[in-house]
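S.K.: Below are the sequence and a predicted model; questions follow.
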Amino acid sequence: MPAAVAAVFRLYLLRHAKAAWALPGQKDFDRTLDDTGFADAEIVAGMAADGGMRPDLVLCSTALRCRQTADAFRRAMTEDLDIRYVDELYAGGASVYRNVIGSQDSALSALMVVGHNPVIEEILREILSEEAVLEAAPAGYPPGALAVIDFDIRPSPGILPPGTLTAWLDPDSHGR
C-alpha cells in the first residue's frame, strides 16, 4: 500500500475567543477577552501544542481580542512563534482573507489566521464540504475554535482550493 501523501499546505483557522461586550464609549476594536475567553484561548492553545500543531506563521487581526487569543498560542507553543498583525483582517471580508492566505511565501507550509466571524465561518464553508462543516460546527463557528485544514493544492491570491478538515478544536468540547 502506498504511503499517504503529505499535505502541500496546512491552514489553522482560528476565531478569536469569547470577548466581553464593549464598555460605554469603548470601540469594538478595543474589546478584550472575557474570563471565559481567556480560559478558552489557553485550553485550545494547549490542545494544539499537545497535538504538535504549530504554524510557521500566524497572521492576526489587530483587534485586541484577536491579539490576546494569539498570545495564548505563543505561550503554549514557543515565545518565538512568528505572529504578524494585519489591519485588514479586522474589518475585511472574505476576499481579504482569501488574498492574505493565498499570497504567502511558497516556502510556508503551515499558516494560522486569527480573525473574526462571520468571515472565519464563511472561509471554512468555502473550503470544506457542507457535510464536514455541519459535523464539526453544527451550531456555527464558536468563539475560540480552531479548524485545521490540509490542502493538496496550494492556495493562491483570491483562490482557496477545497481542503480537508484534519482537526477541530473547540473549547466547549473540552468538558467544563
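M.R.: Nice, thanks for sending it over.
S.K.: Do you know the pLDDT at P2?
M.R.: In this prediction, P2 carries a pLDDT score of 49.
S.K.: again with the one 4 residues further on
M.R.: With respect to pLDDT, A6 scores 69.
S.K.: same thing with S106?
M.R.: Confidence per residue is given as pLDDT, and for S106 that number is 89.
S.K.: same check, this time on E79
M.R.: Looking at E79, its pLDDT is 84.
S.K.: Burial check on it, number of neighbours?
M.R.: Using other Cβ atoms under 10 Å, E79 has 6 other residues around it. Bear in mind the C-beta positions are built from the backbone N, C-alpha and C, glycine included.
S.K.: and it, how far is that from D71?
M.R.: E79 sits 10 Å away from D71, going by Cβ to Cβ, to the nearest Å.
S.K.: In this model Y141 seems to touch N117, though I could be wrong.
M.R.: Yes. Assessed by Cβ atoms under 8 Å, N117 is found in contact with Y141 at 5.7 Å.
S.K.: Which strands or helices does the helix ranked longest in the chain pack on?
M.R.: Among the elements of the chain assigned as helix by DSSP state H, the one spanning the most residues is helix 35-50. Contact analysis of helix 35-50 by 3 or more Cβ pairs under 8 Å, 6 or more residues apart in numbering; DSSP states H and E lists helix 64-77, strand 164-169 as its packing neighbours.
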